[in-house]
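Trainee: One predicted model, sequence on top.
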Amino acid sequence: MLTTVLRGLAAASLAVLPLTASSPASAAETLPLAEAVTRLSVEAESRDGYDRDAFRHWNTGDDPSDGCNTRAEVLLDEAVEPPTVEPRCRLSGGRWWSYYDQMWVTSASGLDIDHMVPLAESWDSGASAWTAPRREAYANDQGADASLVAVTARSNRSKADQDPAEWLPPAAEVHCRYVAEWVATKLRWRLAADEAEVVALREVAASCPVQTVTYEPVP
C-alpha cells in the first residue's frame with residue numbers, strides 16, 4: 001500500500017514539473033539570407049521623440065566584477081592580439097581587424113564600437129515603444145556576435161545612423177556578411193524595416209546565394 005502511494009506521489013510530481021519549470025529561451029535559427037529578409041516586418045519609420053540618452057550605454061557589461069564596461073569587454077573579445085589590461089580597465093597595446101574597411105588597428109582609441117543597427121535606427125524600427133531596461137539591454141547586447149562590432153572610428157562615423165539603403169561598408173567583399181548581420185540583429189530584437197531598406201536588403205541578398213543568417217530572438 002505504501003509503495004503504491006509513493007509511486008502515485010512521484011508520478012504526480014513529474015506531471016506538475018512541466019507546469020512550474022521556467023520556459024526555455026528561444027532557440028537559435030539559421031536560414032538563407034534571402035529568406036531571412038522576408039521575415040522582417042515592413043513598416044514606416046518615425047524618429048519622433050528620439051534621444052540617444054534613452055539608451056543607457058556603456059554599462060558594466062556582461063561581467064560587472066571585471067571593472068570593464070561594455071565597450072572594453074567588446075574590445076577584449078574581438079582583439080586578434082589581446083591588449084594588456086591596466087588599472088581601471090585601461091587597454092594598452094593589442095591588435096584588431098576592422099572588417100568594414102579591411103584595416104588593422106593597433107590602438108583601442110582608434111576604434112569605435114558600432115551598434116550594428118544604430119540606436120536611432122532601432123528607435124525608428126520599434127525601440128521607441130520599449131521600456132528603458134530593454135533599450136539598455138539592446139545598447140549593451142553581447143549575447144550575439146553581430147550586435148556590437150569593433151571597427152575604425154572613421155568607418156563607424158561614416159555609417160552614422162544610416163541603414164543599408166543609405167550606407168554599406170567601403171569594402172565591397174563584406175557586403176554579404178554585413179547585411180546578414182544587420183538582418184540578424186533586426187530579427188533578434190524584432191525590429192521592423194522600411195520599404196527602401198527592404199529593397200536594398202533584397203538586392204544584396206540576391207548576390208549572396210550562399211550567405212546564411214543565424215539569430216536567437218531576445219525574449
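Mentor: Received the coordinates, thanks.

Trainee: Show me where the chain has its strands.
Mentor: With DSSP state E applied, the chain shows strands at 29-32, 84-86, 90-92, 96-98, 103-105, 111-115, 148-152, 212-215, listed in chain order.

Trainee: Now Ser122: closest residue in space, sequence neighbours ignored.
Mentor: In space, not counting the residues next to it along the chain, Ser122 is nearest to Leu191; the distance is 5.8 Å by C-beta to C-beta, 6 or more residues apart in numbering. C-beta here means a position set from N, CA and C on the backbone, and glycine is covered the same way.

Trainee: Any idea which of the strands of the chain gets closest to Leu40?
Mentor: With distances scored as C-beta to C-beta, the stretch of the strands of the chain nearest to Leu40 is strand 212-215 (10.7 Å).

Trainee: Poorly predicted segments of the chain, please.
Mentor: Segments of the chain classed as low confidence (criterion: pLDDT under 70) are 1-25.

Trainee: CA atoms of stretch 171-188 as CSV?
Mentor: In CSV, the C-alpha atoms belonging to stretch 171-188 read as follows (Å, rounded to 0.1, in the frame of the first residue of the first chain):
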residue,chain,number,x,y,z
ALA,A,171,34.9,47.0,-48.5
ALA,A,172,32.5,45.5,-51.1
GLU,A,173,33.7,42.0,-50.3
VAL,A,174,32.0,42.1,-46.9
HIS,A,175,28.6,43.3,-48.0
CYS,A,176,27.0,39.8,-47.7
ARG,A,177,28.3,39.5,-44.2
TYR,A,178,27.3,43.0,-43.2
VAL,A,179,23.7,42.7,-44.5
ALA,A,180,23.4,39.2,-42.9
GLU,A,181,24.4,40.7,-39.5
TRP,A,182,22.1,43.6,-40.0
VAL,A,183,19.1,41.3,-40.7
ALA,A,184,20.1,39.0,-37.8
THR,A,185,20.1,41.9,-35.4
LYS,A,186,16.7,43.1,-36.5
LEU,A,187,15.2,39.7,-36.2
ARG,A,188,16.9,39.1,-32.8
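
Trainee: in that stretch, what's buried?
Mentor: Judged by neighbour count (16 or more other C-beta atoms under 10 Å), stretch 171-188 contains these buried residues: 171, 174-188.

Trainee: How about stretch 120-130?
Mentor: If you call a residue buried by 16+ other C-beta under 10 Å, then stretch 120-130 has these buried ones: Ala120, Glu121, Ser122, Trp123, Asp124, Ser125, Gly126, Ala127, Ser128, Trp130.

Trainee: From those residues, which land in helices?
Mentor: When DSSP state H is applied, the buried residues of stretch 120-130 are split such that Ala120, Glu121, Ser122, Trp123, Asp124 fall in helices.

Trainee: Out of those, which is nearest to Trp97?
Mentor: Sorting these by distance to Trp97 puts Glu121 at the head of the list, at 24.5 Å, by C-beta to C-beta.

Trainee: contacting residues around the closest one?
Mentor: Neighbouring residues of Glu121 by C-beta atoms under 8 Å, 6 or more residues apart in numbering: Glu45, Asp161, Gln162, Asp163.

Trainee: re earlier: does the residue nearest to Ser122 touch Trp123 like I think?
Mentor: No: with contacts counted by C-beta atoms under 8 Å, Leu191 stays clear of Trp123, the gap being 9.7 Å.

Trainee: Tell me which stretches of the protein form helices.
Mentor: Applying DSSP H to the chain gives helices spanning 2-20, 33-38, 70-78, 119-124, 132-139, 153-159, 175-188, 195-206.
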